[in-house]
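Undergrad: sequence and computational prediction follow.
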Amino acid sequence: MSLDRDLLLPDSGRIDGLGSILGTPQHQMSLTLAADDTAPGRARSFTREALIAWGVEDLLDHVVLIVSELATNAERHGRPFMHHERVGQAKYRRQQDEITLTLALQADIVGIEVEDNSPEPPVPRIASPYSTGGRGLLLVSALADAWTACPKKDGSGKRVIAFVKRPESSIDP
């Protein structure tokens, strides 16, 4: 099965969650995390357990690293925003400070979706050689077969979606 990259365009109208992109997944699991400094570690553990249960341990390193980077970005940059409850009213309502990680497996493709509460799209940047951060999306780009970001339909945040395809076996049984 080849991955149709046209499905990844945010304006295609087809990004309604991993289920619509991957069809009916063979396996799917979600985890909602508090957007705090424990989120990336919990997301990594959840991902390891899911991939081992699904028998795709060969993708473990790439998928766990992608999940770690996306969860870290969501924790650092996906904080909730404030908005008026009603126009002209001074009261504000805070959105819940959460990250949702969804993993899916279909036809040797692992789909990764990380939702946060910031509508701002992720922006890859060039980090200085001395910087301790700023390389996460470069790693995601290097390890994922495809990735994209799109706003949630209600405008309350965004979803970052990545795909990792199992490599074709060079050995025929």
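TA: Here it is on my side, so go on. Everything numeric here is computed off the predicted structure, so don't read it as measured data.
Undergrad: show residues contacting the top helix by length along the chain.
TA: Assignment by DSSP state H gives helix 60-77 as the longest helix of the chain. Here helix 60-77 makes contact (C-beta atoms under 8 Å, 6 or more residues apart in numbering) with 33, 35-37, 39-40, 43-44, 47-48, 51-52, 56, 99, 101, 103, 110, 112, 114-116, 118, 120, 122, 136-137, 139-140, 143-144, 147, 160, 162, 164. Heads up, the C-betas are built off the backbone N, CA and C, glycines and all.
Undergrad: any idea how far R42 is from T100?
TA: Per C-beta to C-beta, to the nearest Å, R42 is found 12 Å from T100.
Undergrad: tell me, what's touching those two both at once?
TA: Taking C-beta under 8 Å, 6+ apart as the criterion, R42 and T100 both touch L31, L33.
Undergrad: if we can go back for a sec, could you list the buried residues of the longest helix of the chain?
TA: Residues of helix 60-77 classed as buried: 62-75 (neighbour count, 16 or more other C-beta atoms under 10 Å).
Undergrad: only alpha carbons, please: show it as CSV.
TA: These are the backbone C-alpha positions of helix 60-77, laid out as CSV (Å, rounded to 0.1, in the frame of the first residue of the first chain):
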residue,chain,number,x,y,z
LEU,A,60,9.7,1.5,17.7
ASP,A,61,12.7,3.8,17.6
HIS,A,62,11.4,6.1,14.8
VAL,A,63,7.9,6.3,16.1
VAL,A,64,8.9,6.9,19.8
LEU,A,65,11.3,9.7,18.8
ILE,A,66,8.6,11.4,16.6
VAL,A,67,6.0,11.1,19.5
SER,A,68,8.6,12.4,21.9
GLU,A,69,9.3,15.5,19.8
LEU,A,70,5.6,16.2,19.0
ALA,A,71,4.6,15.7,22.6
THR,A,72,7.4,18.0,23.8
ASN,A,73,6.4,20.7,21.3
ALA,A,74,2.7,20.4,22.4
GLU,A,75,3.8,20.7,26.0
ARG,A,76,6.0,23.7,25.4
HIS,A,77,4.2,25.5,22.6
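Undergrad: cool, thanks, talk later.
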